[in-house]
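**Student:** How does the following fold in three dimensions:
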Amino acid sequence: QVQLVESGGGAVQTGESLRLSCAASGINFRFNLSGWYRQGPGKQRELVAQITSGGNTNYADSVKGRFTISRDNTKNTVHLQMNSLTAEDTAVYYCWLRTWGSVDLWGQGTQVTVSS
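**Tutor:** Numbering: from 1, shown residues only. So this is what the prediction gives:
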């Protein structure tokens with residue numbers, strides 16, 4: 001069974017950090033495009049960061065310099081290190097993987113709440 005499971009969300013204060021993790025089963029991150037999306041209150045889901053099978057990364061302008069995506073091939077996990085969080089980062093964060101057949105897989109989502 002193919003499954004993506006996120007962890008690491010929570011409630012923090014402005015300026016603090018969080019690290020999200022996503023563990024995959026039944027599929028391998030290192031052979032596929034993967035990353036993180038988020039959906040804030042009343043907003044559309046947006047791409048936050050992605051990492052290619054070759055390890056190239058890409059970020060939304062709003063998180064450049066603050067967020068870092070990484071992948072651990074030995075543990076088949078993808079992480080999102082989020083620093084200098086602001087209220088605008090409050091959202092449900094979803095782990096995402098696109099298969100070779102262009103099928104998008106999603107985790108269940110993890111809530112990140114940033115308050116001042």
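**Student:** where in this protein is pLDDT low?
**Tutor:** Within the chain, no stretch has pLDDT under 70.
**Student:** Mind doing that once more with 90?
**Tutor:** The chain contains residues with pLDDT under 90 at 1, 116.
**Student:** all strands for it, in order.
**Tutor:** Assigned by DSSP state E, the chain shows strands spanning 3-7, 10-13, 18-25, 33-39, 46-51, 57-59, 67-72, 77-82, 91-98, 104-106, 110-115.
**Student:** Just checking: what are the partner strands of the last one?
**Tutor:** What that stands for is strand 110-115. strand 10-13 (parallel), strand 91-98 (antiparallel) (DSSP bridges).
**Student:** Dump the strands of the chain into TSV; add mean neighbour count as well.
**Tutor:** All C-beta atoms are positioned from the backbone trio N, CA, C, and that covers glycine. TSV is the format used below for the strands of the chain (neighbours: other Cβ atoms under 10 Å):
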stretch	mean neighbour count
strand 3-7	17
strand 10-13	13
strand 18-25	19
strand 33-39	22
strand 46-51	19
strand 57-59	15
strand 67-72	17
strand 77-82	22
strand 91-98	22
strand 104-106	13
strand 110-115	17
